[in-house]
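# need a structure here:
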Amino acid sequence: MLKDEDINLFRESIKGAKKLAQNTFVAPKKVNVKKKSEQREIREKSDTLFYFSDEYEPLLNEEDAVKYLREGEDTYLLKQLRRGDFSPELFLDLHGLTKEQAKLELASLIQACLDEHVYCASIMTGYGTYTLKRQIPRWLVQHPNVRALHRAPKEWGGDAAILVLIDS
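Numbering: from 1, shown residues only. Purely as a prediction, here's the structure:
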C-alpha cells in the first residue's frame with residue numbers, strides 16, 4: 001500500500017501532463033506461413049540447381065559401371081554400393097522426363113535427402129536414348145553433398161538405376 005506522501009509526490013511530478021488519446025490499434029503483421037515455406041522451397045531448389053552445369057565434363061569412365069567417389073572418402077563405400085549394402089530410402093523415377101525436368105527433379109531429390117536426413121537414394125534413369133543415363137552422373141558429381149554414386153545392384157534397378165550416397 002502506498003503512503004499518502006508518495007501519492008502526493010507522484011501527483012505533483014505529473015502536474016501539467018496531458019492525457020494521451022489511445023484510440024488507434026495496430027494489428028500484428030500476419031505471416032503467411034504457407035507462402036513463406038513455398039518461397040523457401042523455391043530458393044533451396046534454385047540453390048541446388050546452381051551446382052548442375054551441362055558444360056562440366058568430369059573424368060568418368062563411361063564404358064565401366066557408372067561410379068564416383070568424392071575425394072577424401074573411403075574407397076570401401078563404392079564396394080558397399082556395388083554390393084547393395086545400402087538400402088535407398090528415397091526413389092526417383094526419371095522415365096519420360098526431359099533433361100530440364102530431370103535436372104529439377106534431381107535438385108528436389110537432393111534437397112529432400114538433406115531435409116529428411118536420408119543417406120541413400122536411388123535414381124531410375126531407364127535405358128531409352130541413354131541421354132539421362134549419361135547426364136545424371138555428370139550432374140551428381142558436381143554437387144558438394146554427393147559422397148559417392150554407383151550403378152545400382154540388380155535388386156535396386158541394375159543398369160537402369162544409380163545409387164547415390166548423400167551427406168545428410
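# Could you say which helix or strand holds the residue positioned nearest the centre of the chain?
Nearest to the mean C-alpha position of the chain, counting by Cα atoms, centre = their mean, stands residue 111 at 1.7 Å. Secondary structure assigned from DSSP states H and E places residue 111 in helix 99-116.
# Residue 83 reaches residue 153, doesn't it?
Yes - between residue 83 and residue 153 a contact is recorded at 6.6 Å, counting by Cβ atoms under 8 Å. The way it works is simple: take the backbone N, C-alpha and C, and place the C-beta from them, glycine included.
# In terms of neighbours, single out the busier of those two.
More neighbours surround residue 153 than the other of residue 83 and residue 153, with 16 against 10 (other Cβ atoms under 10 Å).
# mind listing what the nearest residue to that one once chain neighbours are set aside touches?
Spatial nearest neighbour of residue 153, chain neighbours left out: residue 84 (3.7 Å); criterion: Cβ to Cβ, 6 or more residues apart in numbering. Counting by Cβ atoms under 8 Å, 6 or more residues apart in numbering, residue 84 touches 152-153, 155-156.
# Most neighbours among those residues, which one is it?
The most crowded member of those, judged by other Cβ under 10 Å, is residue 152 (26 neighbours).
# Phi and psi next, for it.
The phi/psi pair for residue 152 (degrees, to the nearest 10) reads phi -70, psi 150.
# Isn't it up against residue 133?
No - the criterion here is Cβ under 8 Å, and residue 152 misses it with residue 133 at 11.8 Å.
# Mind telling me the two of the contacts of residue 84 farthest from one another?
152 and 155 (8.1 Å; Cβ to Cβ).
# Include distance to residue 143, pLDDT and secondary structure when you put the contacts of residue 84 into JSON lines, please.
Output for the contacts of residue 84, formatted as JSON lines (distance: Cβ to Cβ, whole Å; pLDDT from 0 to 100; DSSP: H, G, I helix; E, B strand; the rest coil):
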{"residue": "152", "distance to residue 143": "18", "pLDDT": "85", "secondary structure": "coil"}
{"residue": "153", "distance to residue 143": "23", "pLDDT": "85", "secondary structure": "coil"}
{"residue": "155", "distance to residue 143": "25", "pLDDT": "85", "secondary structure": "helix"}
{"residue": "156", "distance to residue 143": "20", "pLDDT": "82", "secondary structure": "helix"}
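# if we take those, which one ends up nearest to residue 162?
Residue 162 lies nearest to residue 152 out of the contacts of residue 84, by Cβ to Cβ, at 6.1 Å.
# what about that closest one, distance to residue 41?
According to Cβ to Cβ, to the nearest Å, residue 152 and residue 41 sit 28 Å apart.
# All good on my end, thank you.
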